[in-house]
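1. below is the sequence, then the predicted model.
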Amino acid sequence: MRKIILIILAIISIYTISNVVKAEELVIPDTAIRLRVIPNSNSTFDQNMKQKVKTYLEDNVYTMFSNVNSIEEARETINKQLPNIETDIKNIFIKNNYDMNFKINYGLNYFPEKTYKNITYKEGYYESLVVEIGKAKGDNWWCVLFPTICLLDKNVDDDVEYKLKVVELIEKIF
């Protein structure tokens, strides 16, 4: 009888936890600010430069937004940091002998439909910081700048193994 009760409790716990996890999937809130980098083309060199700009933005934006708690603070931070971001991207291009123009736009920008972690995000115009490099015809990268949803992924250790206490208990019994 004890085993049956434990199994029922385990099933209920697993069902409840799986529903909580589903509810906590990374859904982009309406008040989010997105971040996007669109390279000149899909050439290896252009995609490599997109990657360098992406890495710079991930590393620096995570720091810039570490103490930002509201959408208003996020907007203020972006507006203050735009000149620094522009200068840093110019320096990345110079350091890599990349003679390409770029523009940074903060405001409402178009995003195509995108599926990320099994969630499809609709196309549309979203508040965002967009870096367009050259003709901006290459495969782009985007994430959520505020709240820093995608930047959380950068700091996740993929080798971590998660176990539920209930599962461990059932494994001990059987």
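-> Ah, there it is.
2. endpoint to endpoint, stretch 138-147 covers what distance?
-> Terminal residues of stretch 138-147 are spaced 26 Å apart (CA to CA, to the nearest Å).
3. how about it: buried residues?
-> Neighbour-count burial for stretch 138-147 flags 138, 140, 141, 142, 143, 144, 145, 146, 147 (criterion: 16 or more other CB atoms under 10 Å). Placement of C-beta: from N, CA and C, glycine included.
4. partners of residue 132 in the sheet?
-> Legend: beta-bridge partners of residue 132 under DSSP bridges are residue 38, residue 103.
5. show only the entries of the buried residues of stretch 138-147 found in helices.
-> Judged by DSSP state H, the buried residues of stretch 138-147 include no members of helices.
6. tell me the one of these nearest residue 122?
-> residue 142 (13.6 Å; CB to CB).
7. would you confirm that the closest one contacts residue 32?
-> No. Judged on CB atoms under 8 Å, residue 142 makes no contact with residue 32 at a distance of 11.3 Å.
8. can you list the low-confidence ranges for the protein?
-> Scanning the chain for pLDDT under 70 picks out the ranges 1-27, 116, 149-174.
9. where exactly do the helices run in it?
-> Under DSSP H, the chain gives helices at 2-23, 44-64, 71-95, 149-154, 165-173.
10. residue 53 and residue 133 touch, don't they?
-> Yes. Using CB under 8 Å, residue 53 is in contact with residue 133, at 7.2 Å.
11. list residues touching both of these two?
-> Both residue 53 and residue 133 are contacted by residue 37, under the criterion CB atoms under 8 Å, 6 or more residues apart in numbering.
12. my guess is residue 81 contacts residue 64. True?
-> Yes. Here residue 81 lies in contact with residue 64, judged by CB under 8 Å, at a distance of 5.8 Å.
13. ok, of the buried residues of stretch 138-147, which one's closest to residue 120?
-> residue 142 (13.9 Å).
14. please name the bridge partners of that closest one.
-> On the basis of DSSP bridges, residue 142 is bridged to residue 36.
15. could you measure it against residue 148, distance?
-> Between residue 142 and residue 148 the distance is 13 Å, computed by CB to CB, to the nearest Å.
16. mind giving me the domain ranges of this structure?
-> Using automatic domain parsing, the domain parsing of the chain gives 2-24+160-173, 33-154.
17. return the most buried member of those domains.
-> Among the domains of the chain, domain 33-154 has the highest mean neighbour count (mean count of other CB atoms under 10 Å), at a mean of 16.
18. how about residue 136, nearest residue that isn't a chain neighbour?
-> Leaving aside its sequence neighbours, residue 136 sits nearest to residue 38 (CB to CB, 6 or more residues apart in numbering; 4.1 Å).
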